[in-house]
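Trainee: sequence plus predicted model, see below.
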Amino acid sequence: MNSPPPLDGLRIIDMSSVVMGPFATQVLGDLGADVIKVEPRQGDTTRHVTPMRNDDMGWVFLHANRNKRSIVLDLKDPEGLEALLKLAESADALVTNVRTRALDRLGLGWEALKARNPRLILVNLVGYGSGGPYDGRPTYEDLIQGVISLPSLLVQAGSEEPHYVPLAMNDRAVGLSSAVALLAAVIHREKSGLGQQIEVPMFETMAQWVLGDHMGGKTFEPALGPAGYKRTLTKERRPYRTKDGRICCIIYTDNHWRNFMELIGKGDVYRNDPRFANIGTRTDHAHDLYAFVSEAMLERSNAEWLEALLAADVPVMPLHDLDSLMEDEHLKAVGYLPVTDHPTEGKIREVRVPSTWSDSQPSVRRAPPRLGEHSVEILREAGLSDEQIRSMVERGVTVQLDHASEGQVA
């Protein structure tokens, strides 16, 4: 019999919204943490992104909030604020993307939380780190993509105009970084006995990603050349056109190039042309070599290239669109997109936990919650009496679902 999931027993208060924070806490929930999602009366913004079957259960919300319980609290009301502070007393961590100054105004700054629970870990997901001129500015995915130069890099790589990558890639990447930081702080607390506040800024976190790939010659002082990695910025680096479509292929190592050139009958060129000598010379001539491959790819069909390149041990994959991705044979074989029954939303398609564990396998234990679905049970766990909870419901500080089967306040 498998062990409980790895984070079983860890309790996290999730005061975040949209994608970055909720994705971070969903990852932790998938790993076994008890995640309590604190929402205002209107709920997380993503609850309202269409399409949806029922109010407050939009599709974006469904993909970032499983394995959580939802409680509605009006934090501007003293009772609502006190209820959250009571929850914090027994929590391991609190994750928020509320700006630091706003947290302080609410009475939920680090000093206030630490006074109630010195072992608590507060993780602040912010746009820009403290101390710089951008500190405190609101931010969104598109703004971060722009300020870390992604649209400009796309132009350098061949786009006609700057544009944003159609993924919330920064939200998800910073969410993962936040989850890692939180778990590292848990380990630190086990050694020291104390919690701490952690600030995870989107700008600085993602600038590390971009500059790690593209610092180039400016790594050195004085510079040995311009910024930018030639191989990834050439305009010829794209899915290759074939006789009947496009295909994705990467020819990178010495063996890849040797095998590819033999496959197309150009082994003598590979052996004698100095551009192919090593990874350094190939990088210096990346544009020309990618153009050379582009021309060669026109000679065969997708199916022919897939068969030939796989046999030659040259990395190759089909070019998917969204629909064909969801029908991919590998994803089907590993059960990656199971269809499950949600208690109120009917059949929904999920993305399973990607990792596979020999023991303590993470899993989906709770469906994405309705707004305020667990308010009563969570407040009871915090030690509030039914009378106190009833008063909070009557004044709109929290909610009680009329159709909930459990946890009703008499």
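Mentor: Received, thanks.

Trainee: list of residues touching stretch 73-83?
Mentor: 38-41, 84, 106-108, 375, 379, 382, 384, 388, 391-392, 395-398 (CB atoms under 8 Å, 6 or more residues apart in numbering). From N, CA and C alone the C-beta is placed, and that goes for glycine too.

Trainee: which among those residues end up buried?
Mentor: 38-39, 84, 106-108, 375, 379, 382, 384, 388, 392, 397-398 (16 or more other CB atoms under 10 Å).

Trainee: contacts for the helix or strand harbouring residue 205?
Mentor: Secondary structure assignment for residue 205, by DSSP states H and E: helix 202-214. Around helix 202-214, the neighbours that count as contacts under CB under 8 Å, 6+ apart are 20, 125-129, 134, 139, 144, 147-150, 153, 170-171, 173-174, 177, 227-229, 232-233.

Trainee: the lengthiest helix in the chain: which residues count as buried?
Mentor: Counting residues, the longest helix found in the chain (DSSP state H) is helix 169-192. The neighbour-count check on helix 169-192 (16+ other CB under 10 Å) flags 169-175, 177-179, 181-183, 185-186, 189 as buried.

Trainee: likewise for stretch 349-359?
Mentor: 350, 352, 353.

Trainee: which one among those gets closest to residue 88?
Mentor: residue 353 (27.7 Å; CB to CB).

Trainee: so where do the helices sit in the stretch 101-250 of the chain?
Mentor: Counting by DSSP state H, counting those that start in this stretch, the stretch 101-250 of the chain has helices at residues 110-116, 141-147, 150-156, 169-192, 202-214, 230-233.

Trainee: could those helices go into a markdown table alongside mean pLDDT and distance to residue 33?
Mentor: Below are the helices of the stretch 101-250 of the chain laid out as a markdown table (pLDDT from 0 to 100; distance: least, CB to CB, whole Å):
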| stretch | mean pLDDT | distance to residue 33 |
| --- | --- | --- |
| helix 110-116 | 97 | 18 |
| helix 141-147 | 98 | 25 |
| helix 150-156 | 97 | 32 |
| helix 169-192 | 98 | 9 |
| helix 202-214 | 98 | 22 |
| helix 230-233 | 95 | 36 |
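
Trainee: contacting residues around the most centrally placed residue in the chain?
Mentor: Central residue of the chain (CA atoms, centre = their mean): residue 172, 2.0 Å from the mean position. Contacts for residue 172 (CB under 8 Å, 6+ apart) come out as 19, 20, 23.

Trainee: now list the buried members of those.
Mentor: When those are checked for burial by 16+ other CB under 10 Å, the buried set is 19, 20, 23.

Trainee: next one: phi and psi at the second one?
Mentor: So the one you mean is residue 20. Main-chain dihedrals, residue 20, degrees, to the nearest 10: phi -60, psi -60.

Trainee: same question, the first one
Mentor: The phi/psi pair for residue 19 (degrees, to the nearest 10) reads phi -120, psi -50.

Trainee: ok, for residue 120, nearest residue in space, not its chain neighbours?
Mentor: Nearest residue to residue 120 in three dimensions, chain neighbours excluded: residue 195, at 4.4 Å (CB to CB, 6 or more residues apart in numbering).

Trainee: can you give the domain ranges for this protein?
Mentor: 11-209+336-394, 240-318 (automatic domain parsing).

Trainee: so which of the ones you listed gets nearest residue 218?
Mentor: domain 11-209+336-394 (13.1 Å).

Trainee: quick one: residue 192 and residue 182, what's the gap?
Mentor: Noted for residue 192: a distance of 15 Å to residue 182, by CB to CB, to the nearest Å.

Trainee: who's in contact with stretch 22-35?
Mentor: 4-12, 14, 16, 37, 44, 46, 64-69, 95, 123, 125, 171-172, 175-176, 178-179, 182-183, 353, 360, 362-364, 366.

Trainee: quick check: mean pLDDT of that stretch?
Mentor: Here stretch 22-35 scores 98 as its mean pLDDT.

Trainee: how far does the helix holding residue 205 sit from the chain's center?
Mentor: Offset of helix 202-214 from its chain centre (CA atoms, centre = their mean, to the nearest Å): 15 Å.

Trainee: ok, stretch 287-297 next?
Mentor: The answer for stretch 287-297 is 34 Å, by CA atoms, centre = their mean.
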